[in-house]
Structure formats: C-alpha cells, structure tokens
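sequence below, structure please.
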Amino acid sequence: MILYIESVYGDVLLHGKRMEEAELRQKANELLKIVGSKDFLSAFCMRYDYEVLPFDPHTKADYVVDLDTNWVYKPI
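Numbers count the residues shown, from 1 in each chain. Here you go, the predicted model:
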C-alpha cells in the first residue's frame, strides 16, 4: 500500500502493509494526538513498519493523509 502524506513539513510517499480506510483513519488520528504532525512521519513508520519512498508526484497513492487538515481520503 502506498500512502501520500501531505504536510506543511513536506510531502512524502510511504510504503507498507495494506489497511482499510477506517483502520488507517483511526491509526492516523490516534498517532496525531500523541506526537503531533511534526513527528508523525517517523512515528508512523516506526510503529506500523512503513518505509519512505523517493518522492514522485506522479506515483499513484492508495490513500492520502493530510496532516494539515487531519483528513484521510482515497484519491480519485
């Protein structure tokens, strides 16, 4: 599964195990409450075993996690 993390601290692509949208939303919200958006990326990768991919804006992501608006959605 590829996640596109959109943030004021920089946009990042992540790769890891597949999750349903509701599960991803729950995990992202819980983690944001604990570590905040600045440390979200490293905490998410460490906790859920995801890895950072080289950023390419043309890569199709399965889900987008917008840390600025706290929104998880499936891109069209």
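
from here on, contacts and neighbour counts on C-alpha atoms
Noted.

quick one: contacts for residue 58?
If you count contacts by CA atoms under 8 Å, 6 or more residues apart in numbering, residue 58 has none.

relative to residue 45, how far out is it?
For residue 58, the distance to residue 45 equals 22 Å [CA to CA, to the nearest Å].

repeat that for residue 62.
16 Å.

quick one: contacts for the nearest residue to residue 60 once chain neighbours are set aside?
Distance criterion CA to CA, 6 or more residues apart in numbering; nearest residue to residue 60, sequence neighbours excluded, is residue 2 at 7.7 Å. Contacts for residue 2 (CA under 8 Å, 6+ apart) come out as 13, 14, 15, 16, 60, 61, 62, 63.

which of these sit farthest apart?
For the contacts of residue 2, the maximum inter-member distance is 14.3 Å, found between 16 and 60 (CA to CA).

quick one: the helices in the protein?
Here the chain has its helices, by DSSP state H, at 21-35, 40-48.

so what sits opposite the residue nearest to residue 60 in the bridge?
residue 15 (DSSP bridges).

can you give me the pLDDT of it?
We have a pLDDT of 97 for residue 2.

just use 13 as the starting number from now, easier for me
Will do, 13 is the new start, and the previous item becomes residue 14.

distance of it relative to residue 29?
Remark: distance between residue 14 and residue 29 (CA to CA) = 9 Å.
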